[in-house]
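J.: Okay, sequence plus prediction incoming.
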Amino acid sequence: MAESRSEVYTCYDHRPQTKEGEEMKAKIKFLPLLLAMIVLFVTSAFATKQYTVVKGDTLWSIARRYGVDWTEIASFNGIENEYSLKVGTVLKIPHSFSEQTVLITNGDHEIPAVVCMPDGDGPFPAVVMLHGTGSNKDEAGGGYLLTAPALAKAGIASIRFDFIGNGDSKADYINYNFTSAVSDTNAAFDYMAGLKSIDPNRIGVMGWSQGGTIAMLAAGHNRSFRSVVCWAGAPDLKLIGTAENYEIAKANGYYELTFDWRPSLKLGLQWFEEVYNTDVLQVFSNSSAPVLAINGAMDTVVDPVNAQRIVDASSNKNSRVLLIEGADHTFNIFTGDMTAFNKLIAATVDWFADTL
């Protein structure tokens, strides 16, 4: 049984899985500095507004007009000397944004969530962000912490939340399954659709690894999702739910999934039954939304060929595959080299900006 658990970790954990994994883990202590550096990238990478400089303008006055920091405008527009503004220069203005923690009641449990909202009246499009196995709403290496502001600066709101038994959720993970996850996703959709600042007809969904699985199921069941992005989306989860592990769940009511970086999780029997009896791609084919299926070309956790399988299952001719060369399952976020992850964020923001 211990050997089986080790195999599961190798197959679907978000953490490094190669023999260099220990080395990578050591680098995690540098993540706060790394995140600060990438936030600078995020604040200067996407914009939807423009302003033409007139006589008397300064970066400070323009920044006050739009409610952003003048350094963000300078950084985004490549301005090294803040006193060198020229009349007629067209500046790109990033959205400022705010985040709010909320609790969404869904049946017998509450969903801890964070809403990231561009400043302004809206109505804005929005994205529901779904995390992977054993992770939480901020995702591996803070991946969603970086992506939500990037979306907001492009004028796209988002909500990221903890599935049952993860992160700040008080519910028991044994009750997590496809049905509960899709239900929580729809609850997050309904919450956003009910906000005055959100356009309910322009809401998309994205997910990483098993989060991608749930994104496909949610879009297939709820055609109100207008666009989908999968990061290493997994159409088949039997690498976790092996036949051996399924038998253990039948005997005990659950299978204990262990990790070396967080407490173990009890995969309930219903999760196994739904994994074995759900054709994820068939369900997803009911969605009319376009999908961008992104994989790292070096992903050893979810085979990159699955990206094409997802696109082939889509009923929308605008769906497409993006393979990021040299990227692993976590898009190298733990390595200290953010090149691949920056490409991932940029592609995701551009996709939702075009399709919502």
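T.: Nice, I can see it. Residues are numbered from 1 along each chain as shown.

J.: any idea what sits nearest residue 344, other than its immediate chain neighbours?
T.: Distances taken as C-beta to C-beta, 6 or more residues apart in numbering put residue 331 closest to residue 344, at 4.9 Å, once the chain neighbours are dropped. (C-beta placed from N, C-alpha, C; glycine too.)

J.: Let's see the pLDDT reported for the one you found.
T.: pLDDT recorded at residue 331 is 97.

J.: Please save the CA atoms from the helix or strand residue 352 falls within in PDB.
T.: For residue 352, the host element (DSSP states H and E) is helix 339-355. This file holds the C-alpha atoms of helix 339-355, laid out as PDB (Å, rounded to 0.1, in the frame of the first residue of the first chain):
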ATOM      1  CA  THR A 339      10.000  32.300 -18.500                       C
ATOM      2  CA  ALA A 340       7.500  29.500 -19.100                       C
ATOM      3  CA  PHE A 341       5.100  30.700 -16.400                       C
ATOM      4  CA  ASN A 342       5.100  34.300 -17.800                       C
ATOM      5  CA  LYS A 343       4.200  32.800 -21.200                       C
ATOM      6  CA  LEU A 344       1.400  30.800 -19.500                       C
ATOM      7  CA  ILE A 345       0.000  33.900 -17.900                       C
ATOM      8  CA  ALA A 346       0.200  36.000 -21.000                       C
ATOM      9  CA  ALA A 347      -1.500  33.300 -23.100                       C
ATOM     10  CA  THR A 348      -4.300  32.900 -20.600                       C
ATOM     11  CA  VAL A 349      -5.000  36.600 -20.300                       C
ATOM     12  CA  ASP A 350      -4.900  37.100 -24.000                       C
ATOM     13  CA  TRP A 351      -7.300  34.200 -24.500                       C
ATOM     14  CA  PHE A 352      -9.900  35.400 -22.100                       C
ATOM     15  CA  ALA A 353      -9.600  39.000 -23.400                       C
ATOM     16  CA  ASP A 354     -10.400  37.700 -26.900                       C
ATOM     17  CA  THR A 355     -13.100  35.200 -26.000                       C
END
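
J.: list the contacts for the residue nearest to residue 139 when sequence neighbours are not counted?
T.: Nearest residue to residue 139, sequence neighbours excluded (C-beta to C-beta, 6+ apart): residue 131, at 5.2 Å. Applying C-beta atoms under 8 Å, 6 or more residues apart in numbering, we find residue 131 in contact with 137, 138, 139, 144, 160, 162, 163, 166, 167, 207, 208, 211.
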